[in-house]
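J.: This is the structure alone, sequence omitted:
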């Protein structure tokens, strides 16, 4: 079950055993840590802004407060041996204070986390380390932006370095005027990140877990497909990826985790280019949407693995339990009643695993996900997409997987010269 | 993945969808329902006697009160659409009141649950229904007990009909004097159950889930081995059981669930006799220790399945995900520090799944369990038992599986004429 490529490196456990973990943020990632924490008997305290937040609804121990309120985050740190995150938006100054005062072990630490918080810092560091990135430029005004666009070939992606997610803070531009609002908002030290438009065939994601002592475990590389710039479908493992390429990409993710000193789960989102390279797109230092498949599909799910890494426990086996696992996100749609849809999906297919986040439904909002595992990718994909349609209440529930949902099963996807979804802001259409 | 033998019968979902569930009792079974409830977004309220109880420690919503306090159980019922149980000790009168007043759907209902509460009622009903039982007698005084012992061949098992568990309330006797204390305690209507000593080769357990509308799903029949009258090891599926016998036993469990009107999980504990019959030993109408393997080893774990049945949702696929899954209980031993032992076990084996119940350690107390799944039963058993020894802190952690832990792997066990453990109170030794 454990192959040499995926087995954690055996290293003695940290003697300073973490007995309680604080999670900053009350979203679905914090929520999904809770079942794993219960089974491991690792007490978890969640810092949420309201008792109605996804994780706060089901947490036995919740502090109310904001992630950017130093007093709230310090109060959490004082109650826990280690601090970790539902998202990457905690200000560096707050983390520095906790680290300086040794209130709690911050995992990942501020020096690692900054690479998931600031895209310019990430691009600069990865480039110095020699890890493959799209061509990129740091620009401070309209003239620099126009020069970068010209260097990129007349069109480019411009990103705000901080605060972006799910397509927010990302724009395709042909002239500096297309980002004049962002330029106007730049402060004295402000800058924007410009990247070349990558000609990619598909997006991949490589996840590794890393302990404080450097032991790591790599999950199978998966294929991720977006809809409206939000992760929609994940196929584990990525179809058509040969063993050599898989190990190369896992090695890249391990190297980034090591180079940046990540503790916990790291997701490296990648472009597979039409000319056969992989380029780093984004980093996330927490459980990630592209790893939800592992909750049902791997020996050790990513939420358990994250807690084990943060708590300095031995890492679990990341091997898949079935030849194929497909995850499809539930994005808020027509129906506000997910329970009825979930009942219908479970009635239609006894093998579908339904995960609901306890969030109110708004169009496009991530409110849950489904997974299906099995031997036949085409069958597994069709079942997962049918379940998604039944739960979300889309009219075409009986039909085939959505055309925008990615490549045909079992084969490498057809080459594309732009993101798959024509509504994607980065699209060429 | 779904075979015709295990697939739930497709029946339309109950239109009156259950949106919240109350669990009477705060033990580890209630605790292990919580992760499943979180993923399904089914709000759970736990009635526990103290905030330090296993489930209360991790529940986001706990009522404090006793299972035999009518006001406490009614308060729980008033908050929930359906009521279910961590144990079977809620008095019938309390359940009747809730059913009569329609405060909440009681699942399983009192009329079913009485068969898991009173062993005389169970033996009488199963015998009338023609389901296979050991020979048994109801006795009210010493003379009747001596007569029953004589009829059973000079030795017999005597049981208190109510309140027994894990070997409590069970005694091997050769004369009425051996149970004189129990006879003295019998009230005017009191009686004891006497059963023949069954010559069995091993114990099996058959679990089915049943919805209110009669739809059911049967898990693979498993082999269970006791230590000190407490379940210690479970092998799923039971080694050496041919498909015909497996289906026959699953059919028996389904028939009992249907005949008694069970809702939720039913465990039928069975003796496999040396002459090739199966006889019903005990019934439990809740998730059961012999089903813990399914949390990691089946597409749908028993705790999720129980909630789905109680909530009138479609039942999930009970198929195993690996050829073999072995569960070993963690029974309190030398070490009070389970966290350190668990860390050692996880360090030694990345594939072991550790479940801790958050209970203080007392000798022999169930404080957790481990499971290991894989293709090679001998390897899987050895790994599960090694993990158990590392966590419990037994000195022989490096050795082979305990001699008392059951049959050799991969083969049918050698015939036995008594329970396997010489310290078992029912033992012939």
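T.: That came through fine. What you see is a predicted model; the values in this text were computed from it and never measured. Residues are numbered from 1 along each chain as shown, chains lettered A, B, ... in the order given.
J.: Would you mark the buried spots in the top helix by length along chain A?
T.: What stands out as the longest helix in chain A, according to DSSP state H, is helix A:243-260. Residues of helix A:243-260 classed as buried by neighbour count (16 or more other Cβ atoms under 10 Å in any protein chain shown): A:245, A:246, A:249, A:250, A:252, A:253, A:254, A:255, A:256, A:257, A:259, A:260. Backbone N, C-alpha and C define where each C-beta goes, glycine included.
J.: Out of those residues, which two are the most distant from each other?
T.: A:245 and A:260 (22.8 Å; Cβ to Cβ).
J.: circling back: now do the longest helix of chain A, average pLDDT.
T.: The average of the pLDDT scores along helix A:243-260 is 97.
J.: Say whether chain B is contacted by the helix or strand just after it.
T.: Once helix A:243-260 ends, the next helix or strand along the chain (criterion: DSSP states H and E) is strand A:264-273. No: contact of strand A:264-273 with chain B (Cβ under 8 Å from any Cβ of the partner chain) is absent, the minimum separation being 15.7 Å.
J.: Touching whichever helix or strand comes after strand A:264-273 from outside, list them.
T.: Next in sequence after strand A:264-273, counting helices and strands by DSSP H and E, comes strand A:278-284. With Cβ atoms under 8 Å, 6 or more residues apart in numbering or on different chains as the test, strand A:278-284 has contacts from A:88, A:115-116, A:119, A:122, A:126, A:131-134, A:198, A:200, A:203-204, A:248-249, A:252, A:256, A:260, A:266-273.
J.: Try it again at 7 Å.
T.: For strand A:278-284, contacts defined as Cβ atoms under 7 Å, 6 or more residues apart in numbering or on different chains pick out A:115-116, A:122, A:126, A:131-134, A:198, A:203-204, A:249, A:266-273.
J.: Just give me how far it sits from the chain centre.
T.: Centre-to-centre, strand A:278-284 and its host chain are 11 Å apart (Cα atoms, centre = their mean, to the nearest Å).
J.: ok, so what distance separates residue A:388 from chain B?
T.: In this view, residue A:388 and chain B are 16 Å apart by Cβ to the nearest Cβ, to the nearest Å.
J.: tell me which element that residue falls in.
T.: helix A:377-392.
J.: same deal with residue A:360?
T.: Going by DSSP H and E, residue A:360 is not part of any helix or strand.
J.: Identify the residues contacting the residue in the stretch 1-150 of chain A that chain B sits nearest to.
T.: Using Cβ to the nearest Cβ, the single residue of the stretch 1-150 of chain A nearest to chain B is residue A:35, 3.2 Å away. Listed by Cβ under 7 Å, 6+ apart, the contact partners of residue A:35 are B:35, B:38, B:39.
J.: Now for the last one, how many residues are close by?
T.: In terms of burial, residue B:39 registers 23 neighbours under the definition other Cβ atoms under 10 Å in any protein chain shown.
J.: wait, it sits on residue A:355?
T.: Yes: using Cβ atoms under 7 Å, residue B:39 is in contact with residue A:355, at 5.0 Å.
J.: Check the secondary structure at the residue nearest to residue A:301 when sequence neighbours are not counted for me.
T.: Among residues not flanking residue A:301 along the chain, residue A:295 sits closest, at 4.0 Å (Cβ to Cβ, 6 or more residues apart in numbering or on different chains). The three-state label for residue A:295, taken from DSSP: H, G, I helix; E, B strand; the rest coil, comes out as helix.
J.: before we move on, what about the one 10 residues further on?
T.: Local secondary structure at residue A:305 is given as helix here, using three-state DSSP.
J.: I'd assumed residue A:315 was in contact with it.
T.: Yes: using Cβ under 7 Å, residue A:305 is in contact with residue A:315, at 6.3 Å.
J.: Which of those two has more residues huddled nearby?
T.: residue A:305 (29 against 25).
J.: nearest residue to that one other than its sequence neighbours?
T.: Closest to residue A:305 by Cβ to Cβ, 6+ apart is residue A:209, at 4.5 Å.
J.: How about residue A:27?
T.: residue A:86 is the one closest to residue A:27 (Cβ to Cβ, 6+ apart), at 4.8 Å.
J.: give the contact list for the one you found.
T.: Residue A:86 touches A:23, A:24, A:25, A:26, A:27, A:29, A:30, A:286, counting by Cβ under 7 Å, 6+ apart.
J.: quick one: the third one and residue A:45, what's the gap?
T.: Applying Cβ to Cβ, to the nearest Å, the value for residue A:25 to residue A:45 is 12 Å.
J.: Have a look at these two and say which one is more surrounded.
T.: residue A:25 (24 against 19).
J.: pLDDT score assigned to the residue nearest to that one when sequence neighbours are not counted?
T.: The shortest distance from residue A:25 to any non-neighbouring residue, by Cβ to Cβ, 6+ apart, is to residue A:86 (2.8 Å). Residue A:86 carries a pLDDT value of 98.
J.: Residue A:86 and residue A:44, how far apart?
T.: Counting by Cβ to Cβ - residue A:86 and residue A:44 are separated by 11 Å.
J.: what sits in contact with each of those two?
T.: Joint contacts of residue A:86 and residue A:44 (Cβ under 7 Å, 6+ apart) are residue A:23.
J.: before we move on, the earlier item: any idea how many residues pack against the residue nearest to residue A:305?
T.: By other Cβ under 10 Å, neighbour count at residue A:209 equals 30.
J.: Next one: the residue of the stretch 151-300 of chain A found nearest chain B from residue B:108, what distance?
T.: Across the stretch 151-300 of chain A, the shortest distance to chain B (Cβ to the nearest Cβ) belongs to residue A:299, at 5.6 Å. Residue A:299 is 34 Å from residue B:108, where distance means Cβ to Cβ.
J.: More neighbours: which of the two?
T.: residue B:108 (29 against 25).
J.: and the more buried one, what does it touch?
T.: Residue B:108 neighbours (Cβ under 7 Å, 6+ apart): B:262, B:263, B:264, B:285.
J.: How confident was the prediction at the residue nearest to residue A:287 when sequence neighbours are not counted?
T.: Distances taken as Cβ to Cβ, 6+ apart put residue A:302 closest to residue A:287, at 4.6 Å, once the chain neighbours are dropped. In this model, residue A:302 is scored at 98, pLDDT.
J.: Give the burial count for residue A:302, as a bare number.
T.: 28.
J.: For it, what are phi and psi?
T.: phi -70, psi -30 (degrees, to the nearest 10).
J.: Touching, it and residue A:265? I think so.
T.: Yes: counting by Cβ under 7 Å, residue A:302 touches residue A:265, with 5.6 Å between them.
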